[in-house]
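**Student:** Here you go, sequence then predicted model.
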Amino acid sequence: MRIATWNVNSLKARLPRVLEWLEYAQPDVLCMQETKLADDAVPVMDFEAIGYTVLHHGEGRWNGVAIASRVGVTEDRSGFGELVDPYEGEARLVAGTCGGVRVASVYVPNGRALGTDTYERKLEWLDRLLEWLDASHSPDEPLVVCGDFNVAPEDRDVYDPRAFEGATHVSDAERKRYQALLDWGFTDAFRQLYDDDRLYTWWDYRAGNFHKHKGLRIDHVLVTAPLRDRVTWALVDRNARKGEKPSDHAPLLVDLAL
DNA sequence: ATGGTAGCGCTGCTA
């Protein structure tokens, strides 16, 4: 099974790129973030025409998460359920079952700046994600949680750690929450295969950062123990960050021997 | 040089 995650930064603006990418990358499952669409605005026919069904959770304009699958997607649920969402009303979590694997597409809040209310609620949101996993899932089941975590787990995931001192995405509190997910039972599928630094998934549109290799590794595919030893291949598709109207994120692909 | 771009939607916010 090939599973991918991609913050598309508007599925409306990115639709041609996403459809083109699906046809050549051939993932079985694509988790998307920042679709910026309401559920009834999703171009489901375009996906169905190339063999994918779409599970979408969005409120329009901002945020929005989705799972496109060509191996089916069932048991949909969105949000934290009974748990209080620190970003109530914002579509940042959707989960379904695809070919026997539980899959969640997450868009962790950005947090903007340390010391702000949005940052504090980002930390709470990450706490709530762990509580949600504890309440409704098990590290013993085949589970993939992937998406834009807006956390660079280590300094080697940042193009210039000194430039990010005191910034979001790299703070101890954020990294502690990311580590708590690993401690719960997840493995970072990409890191399991690649130990190199300067392997990024996001580059700011501004100042030509992509071409200067100034990026962050903030998009992740987390897999539980039953899947950990089945990860055979992973790739950040930097070609998708090039060309006409790219997203500011590249897709991350992982192959599972299933 | 402390900037820059992109998306949404129409004013400035969000990233």
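**Tutor:** Nice, thanks for sending it over.
**Student:** make it CA atoms for all contacts and neighbour counts henceforth
**Tutor:** Noted.
**Student:** Next, work out how far apart the closest residue to A:Arg156 other than its chain neighbours and A:Gly208 are.
**Tutor:** Once flanking residues are discounted, A:Arg156 sits nearest to A:Asp197: 4.9 Å by CA to CA, 6 or more residues apart in numbering. Applying CA to CA, to the nearest Å, the value for A:Asp197 to A:Gly208 is 20 Å.
**Student:** again with A:Glu23
**Tutor:** 28 Å.
**Student:** what does A:Val73 give?
**Tutor:** For A:Val73, the distance to A:Gly208 - CA to CA - is 38 Å.
**Student:** ok, these two, which is more surrounded?
**Tutor:** Comparing A:Val73 with A:Gly208 by other CA atoms under 10 Å, the one with more neighbours is A:Val73, at 23 against 11.
**Student:** who touches the closest residue in space to the more buried one that isn't next to it in sequence in this structure?
**Tutor:** With CA to CA, 6+ apart as the criterion, A:Val73 has its nearest non-adjacent residue at 4.7 Å, and that residue is A:Cys98. Neighbouring residues of A:Cys98 by CA atoms under 8 Å, 6 or more residues apart in numbering: A:Val29, A:Ser69, A:Val71, A:Gly72, A:Val73, A:Thr74.
**Student:** ok, now A:Thr201?
**Tutor:** A:Gly215, A:Leu216, A:Arg217, A:Ile218, A:Asp219, A:Val236, A:Arg238, A:His249, A:Ala250, A:Pro251, A:Leu252.
**Student:** A:Thr187 now?
**Tutor:** A:Leu222, A:Val223, A:Thr224, A:Ala225, A:Arg228.
**Student:** For DNA strand B, what's its nearest residue on the stretch 51-200 of chain A.
**Tutor:** A:Arg61 (4.2 Å; CA to the nearest atom of the strand).
**Student:** my read: that residue touches A:Leu37, true?
**Tutor:** Yes - counting by CA atoms under 8 Å, A:Leu37 is a contact partner of A:Arg61 at 5.9 Å.
**Student:** more crowded one of those two?
**Tutor:** Legend: neighbour count by other CA under 10 Å for A:Arg61 and A:Leu37, higher for A:Leu37 (23 against 12).
**Student:** okay, the more buried one: pLDDT?
**Tutor:** At A:Leu37, the pLDDT value in this model is 97.
**Student:** Count the neighbours of the residue lying closest to it once chain neighbours are set aside for me.
**Tutor:** Spatial nearest neighbour of A:Leu37, excluding adjacent residues (CA to CA, 6+ apart): A:Gly60 at 4.0 Å. Neighbourhood size, A:Gly60 [other CA under 10 Å]: 19.
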